[in-house]
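Enquirer: Give me a model of this one.
(one chain, ligands or ions: 1)
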Amino acid sequence: MQKETARLIELDREHTLMSHISAVLGWDQETYMPSKAIQERASQLALFEGLAHQKAVNPEIGELLATLEAKHDLSPDEKAYIRKVRRDYDIETKLPEAFVTEYARSTSIAQVKWAEAKKDNDFKAFESHLEKIVGLSRELAGYLNPNARPYDVLLDLYEPGSSQESITAVFSTMKAYLVDILDKIRAKPQIEDKCLGRYVSSETQEQISLYFMKVLHFEMDRGRLDVSAHPFTTSLGADDIRITTRYVEDYFPSSLFSTIHESGHALYDMGIDPNPEFRGTKLAEAVSMAVHESQSRLWENIVGRSRAFWERNFLALSALLGEAGRDLDFESFIESVNRVSPSLIRTEADEVTYGLHIIARFELESALLDGNLRVADMPGAWGEKYKKLLGLEVPNDRVGCLQDVHWSIGYFGYFPSYALGNLYAAQFWAKLKEEVPDIEARIASGDTLSVLTWLRANVHCHGSRYMPGELVEKATGSALDPVWFEKYLREKYSSIYGF
Ligand code: CO
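Expert: Take a look at the predicted model:
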């Protein structure tokens with residue numbers, strides 16, 4: 001290894017340590033912190049973010065990068081590492097200090113205004129704040145790359161290498177088959193999920209969550225489960241991956257599937273191991289939001305809602321439910337957890353309609369960023385999209401364009417990651433099935449380690465060694481192709497709904 005690379009790693013590790021300390025503060029805030037502590041916690045986090053930013057823009061990093069980029073005898077991992085550090089360094093250094101402060105201030109105000117506007121169902125009260133955030137997002141894109149379209153620059157922040165054009169191409173194929181599958185399902189008798197609505201205490205649900213974390217090989221000595229308002233996964237260190245869930249006492253599948261989902265994220269973080277020399281550096285980070293989401297979706301939906309998985313685990317679930325699980329039979333359970341029904345709320349959407357929620361947001365936010373849609377016209381445009389894509393009337397903005405927090409905090413370009421995650425997951429799954437043809441029989445016999453082993457070897461272990469597009473090619477032999485998700489959905493739902 002070059003001596004400059006060794007020095008870069010030293011600086012990078014300090015930055016990673018600081019971000020893990022910040023993550024401890026953030027995790028505590030969402031789980032155990034008493035509510036009155038919020039003011040000081042916000043100051044603690046702001047101070048730490050400032051210190052971390054100073055470390056990230058250290059000019060020595062720029063000098064080391066320039067020296068290393070001129071060398072021709074770097075190992076493949078050094079090259080990959082330098083590419084990753086360069087990308088992050090450019091993002092950190094291209095934004096003027098004054099802009100960063102203004103952006104942080106405006107998004108934190110907008111988030112509060114959004115929460116109030118949502119509660120009061122009052123888009124007008126949020127409108128000027130959203131306008132401000134759209135403007136700042138354009139400005140941000142301009143600093144990072146003044147020659148590109150703003151929305152392309154923002155998309156690339158979340159899914160490196162993507163653009164509006166590349167995502168539009170993938171989404172237009174996906175839209176056509178999602179609409180077709182949904183039409184076929186609607187022509188059949190609909191599934192009821194009443195059997196899932198039953199009282200199950202938080203204590204019992206916690207036991208169920210812990211049980212299934214172990215089934216999935218979540219390493220309990222490298223992580224833990226807690227409760228928060230919105231489930232999430234966070235890394236507090238290479239050997240400290242925390243997940244959270246929430247217990248809805250009259251609907252236990254909420255915690256069951258969100259725990260499986262977050263465990264999928266955690267298994268990815270636990271499996272990142274590109275090269276011991278690069279432990280604790282940017283090379284040992286997840287490659288992108290979408291690939292991260294592919295891991296949670298694969299475990300939650302492809303494995304966790306499959307017949308094979310429940311053939312093995314339904315008895316254990318029934319035993320854990322005890323009296324609360326009386327009369328819950330296997331067939332109704334499987335059908336109910338795979339029920340497809342268009343709804344207004346993205347986070348509650350099923351596997352088929354979920355992508356339509358994302359397409360709606362993708363089309364609307366790209367129009368906003370391009371200047372083809374005025375912020376004031378968003379509620380009407382949202383209603384039209386939902387009518388067209390999901391066949392639903394949107395009765396108010398609370399369940400319409402005010403439902404998600406993302407835009408208030410400037411996350412333009414983030415939404416597509418969720419749907420790309422489904423596409424990556426299906427493509428990884430297809431390859432896994434080709435290489436391990438009896439995978440479903442293995443899952444049905446209690447072996448989920450075969451799934452994890454494949455993901456570890458083909459996805460997790462690489463960290464940020466490749467760009468997302470390169471990773472999917474390397475793991476599956478071809479570029480991202482939405483056809484795998486189509487095949488998966490058609491096979492699964494034609495058997496459930498009989499079309
Ligand atoms: Co997720």
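Enquirer: who touches the residue nearest to the spatial centre of the chain in this structure?
Expert: The residue lying closest to the centre of the chain (Cα atoms, centre = their mean) is Glu293, at 3.9 Å. By Cβ atoms under 8 Å, 6 or more residues apart in numbering, Glu293 lies in contact with Ser417, Tyr418, Leu420, Gly421, Asn422, Tyr424, Ala425. (C-beta placed from N, C-alpha, C; glycine too.)
Enquirer: the bottom helix or strand of the chain by mean pLDDT?
Expert: Across the helices and strands of the chain, the lowest-confidence element by mean pLDDT, DSSP states H and E is helix 38-56, at a mean of 88.
Enquirer: May I have that one exported as PDB, CA atoms only?
Expert: Written as PDB, here are the backbone C-alpha positions of helix 38-56 (Å, rounded to 0.1, in the frame of the first residue of the first chain):
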ATOM      1  CA  ILE A  38     -34.100  17.700  22.600                       C
ATOM      2  CA  GLN A  39     -32.700  21.200  22.700                       C
ATOM      3  CA  GLU A  40     -29.300  20.300  24.100                       C
ATOM      4  CA  ARG A  41     -29.200  17.100  22.000                       C
ATOM      5  CA  ALA A  42     -29.700  19.200  18.900                       C
ATOM      6  CA  SER A  43     -26.800  21.500  19.900                       C
ATOM      7  CA  GLN A  44     -24.600  18.500  20.600                       C
ATOM      8  CA  LEU A  45     -25.300  17.000  17.200                       C
ATOM      9  CA  ALA A  46     -24.800  20.400  15.400                       C
ATOM     10  CA  LEU A  47     -21.400  20.800  17.200                       C
ATOM     11  CA  PHE A  48     -20.400  17.300  16.200                       C
ATOM     12  CA  GLU A  49     -21.500  17.700  12.600                       C
ATOM     13  CA  GLY A  50     -19.500  20.900  12.400                       C
ATOM     14  CA  LEU A  51     -16.400  19.100  13.700                       C
ATOM     15  CA  ALA A  52     -16.900  16.200  11.300                       C
ATOM     16  CA  HIS A  53     -17.300  18.600   8.400                       C
ATOM     17  CA  GLN A  54     -14.000  20.300   9.300                       C
ATOM     18  CA  LYS A  55     -12.300  16.800   9.200                       C
ATOM     19  CA  ALA A  56     -14.000  16.000   5.900                       C
END
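Enquirer: What lies in contact with that helix?
Expert: Outside of helix 38-56, the residues that reach it under the criterion Cβ under 8 Å, 6+ apart are 11, 14-15, 18-19, 21-22, 25-26, 28-29, 33, 88-89, 92, 100, 104.
Enquirer: Weed out the non-buried ones from these.
Expert: Among those, those classed as buried by neighbour count (16 or more other Cβ atoms under 10 Å) are Leu11, His15, Met18, Ser19, Ile21, Ser22, Gly26, Gln29, Asp88, Tyr89, Glu92, Val100.
Enquirer: If we only consider those, which is nearest to Ser478?
Expert: Minimum separation from Ser478 among the buried ones among the contacts of helix 38-56 (Cβ to Cβ) is found for Asp88, which lies at 28.5 Å.
Enquirer: What pLDDT does the model give the closest one?
Expert: Here, the pLDDT recorded for Asp88 equals 95.
Enquirer: The closest residue in space to it that isn't next to it in sequence: neighbouring residues, count only.
Expert: Computed as Cβ to Cβ, 6 or more residues apart in numbering, the closest residue to Asp88 that is not its neighbour in sequence is Lys282, at 6.2 Å. By other Cβ atoms under 10 Å, the residues close to Lys282 number 23.
Enquirer: Identify the residues contacting whatever helix or strand comes next after the least confident helix or strand of the chain?
Expert: Read in the C-terminal direction, the helix or strand following helix 38-56 is helix 59-69, with elements assigned using DSSP states H and E. Contacting residues not belonging to helix 59-69 are listed as 2, 4-5, 7-8, 11, 74, 78, 82, 85-86, 89, 93 [Cβ under 8 Å, 6+ apart].
Enquirer: doesn't Ala426 fall inside a strand?
Expert: No: secondary structure of Ala426 (DSSP: H, G, I helix; E, B strand; the rest coil): helix, not part of a strand.
Enquirer: what packs against the longest helix seen in the chain?
Expert: If you go by DSSP state H, the chain has its longest helix at helix 3-31. Here helix 3-31 touches helix 38-56, helix 59-69, helix 76-94, strand 233-237, strand 240-245, going by 3 or more Cβ pairs under 8 Å, 6 or more residues apart in numbering; DSSP states H and E.
Enquirer: Quick one: work out the angle between it and helix 76-94.
Expert: Interaxial angle of helix 3-31 relative to helix 76-94 (axes from the mean of the first three to the mean of the last three Cα atoms, to 10 degrees): 60 degrees.
Enquirer: just the angle between helix 3-31 and helix 59-69, please?
Expert: Calculated by the same axes, to 10 degrees, helix 3-31 forms an angle of 130 degrees with helix 59-69.
Enquirer: What mean pLDDT does helix 3-31 get?
Expert: Rounded to a whole number, the mean pLDDT of helix 3-31 is 95.
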